[in-house]
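Asker: Quick one, structure for this:
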Amino acid sequence: HQVEGERLLPGVAVLEAARAAGEIAGEAAVCRLLDTVWIRPIRFVEQEQEMYIHLYANGDQIDFEVSTIAPGRDHTLHARGQLELEKPNSPQAESIDVQTIADRCRKRVSSSDCYREFADLGFQYGPSFQPLQSVALGTAEALANWKLPSELEHDFQSFQLHPSVMDGALQAVMALMIGARGAEQAIYLPYSLGEVSIFSELAKDGYAHVVMTEDDPQSGLKRFDVLLTDAAGRVAVQLKRFTVRKAQAAAVGELEDQELLALLKKLEAGELNADEVELLTEGSI
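Answerer: Okay, the predicted model is just below:
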């Protein structure tokens, strides 16, 4: 990706890397990723750098951390979360009624219009990361039709959470926010992902059903749930509590008192943990 001219590794690539590492270490399929937090993006720089995935046993789960190191520099932490290995009798996903959802989402946005809007916001996606074919927008929900870019078909089976498809799901979230923003011009960036449940292999085309579950202007947080399905509506992957935050709220000292109060209330209610609040405030408290 290029964001404001800067080349970044897509955040969803971290999910697939952590899943693959956990599967190798645990000698079993990973069925869920929990409490993933993107701390800072992985930037493409001129000097060589290596990416590390650290795994730590934690009861029935595996904690993971993703970091990079460049010559002469310490490790830089980029993301962390938990993995859960598949167990017998794991729950099976259901199907969604694509037509019923489409009937509720009557505003259609073409692929070209989507990526033009993204580019206007400073998000440049290469051809391999343009899976959206169209997006239908409704009230606090969207239905995106996606298709794997043809140049990626040759090694599609090597991935469980294919970065292009997963990024398409998050792009559908962005499309919903653009459609619902009205006069608001703020840019929102991915922050955390409460849960990723893997029920089956992704198809090469299908739908992403996005539902906004929270919009808190005081804290600058928005939350979404996303279902990734095949063309018939059978759910393959479920994303819960995907959280984005206002870009300007990430800068040191820029949080307003009301935003701090809203975050502290979420901490008290158990909706955020202490580490998440610390990262959101970046030293403002």
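Asker: Run a quick neighbour tally on Met212.
Answerer: 17 (other Cβ atoms under 10 Å). To be clear about C-beta, it is placed using only N, CA and C from the backbone, and glycine gets the same treatment.
Asker: and if you look at Ala231?
Answerer: 13.
Asker: and the residue nearest to it when sequence neighbours are not counted, bridged to which residues?
Answerer: Nearest residue to Ala231 in three dimensions, chain neighbours excluded: Gly206, at 5.3 Å (Cβ to Cβ, 6 or more residues apart in numbering). Applying DSSP bridges to Gly206 gives these bridge partners: Trp146, Asp230.
Asker: For Gly206, give me its contacts.
Answerer: Taking Cβ atoms under 8 Å, 6 or more residues apart in numbering, we find Gly206 in contact with 145-146, 228-231, 236.
Asker: Return a PyMOL selection command for the buried portion of these.
Answerer: The buried residues among the contacts of Gly206 can be selected in PyMOL (16 or more other Cβ atoms under 10 Å) with this line:
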select buried, resi 145+146+228+229+230+236
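Asker: any chance of the contacts of Gly206 in JSON lines, with distance to Leu55 too?
Answerer: As requested, the contacts of Gly206 are exported to JSON lines (distance: Cβ to Cβ, whole Å):
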{"residue": "Asn145", "distance to Leu55": "36"}
{"residue": "Trp146", "distance to Leu55": "31"}
{"residue": "Leu228", "distance to Leu55": "25"}
{"residue": "Thr229", "distance to Leu55": "30"}
{"residue": "Asp230", "distance to Leu55": "31"}
{"residue": "Ala231", "distance to Leu55": "35"}
{"residue": "Ala236", "distance to Leu55": "25"}
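Asker: List just the nearest of the contacts of Gly206 to Met166.
Answerer: Leu228 (7.8 Å; Cβ to Cβ).
Asker: Make sure the closest one is actually in contact with Ser164.
Answerer: No - Leu228 lies out of contact with Ser164 (Cβ atoms under 8 Å); the separation is 12.0 Å.
Asker: As a quick check, tell me the outermost residue of the chain.
Answerer: Gly72 (31.2 Å; Cα atoms, centre = their mean).
Asker: if I look at it, how far off is Gln49?
Answerer: Gly72 is 11 Å from Gln49, where distance means Cβ to Cβ, to the nearest Å.
Asker: ok, Phe118 touching Tyr125?
Answerer: Yes - using Cβ under 8 Å, Phe118 makes contact with Tyr125 at a distance of 6.4 Å.
Asker: Sketch out the helices for the stretch 1-150 of the chain, chain order is fine.
Answerer: Taking DSSP state H, counting those that start in this stretch, the helices of the stretch 1-150 of the chain run over residues 11-26, 98-104, 111-120.
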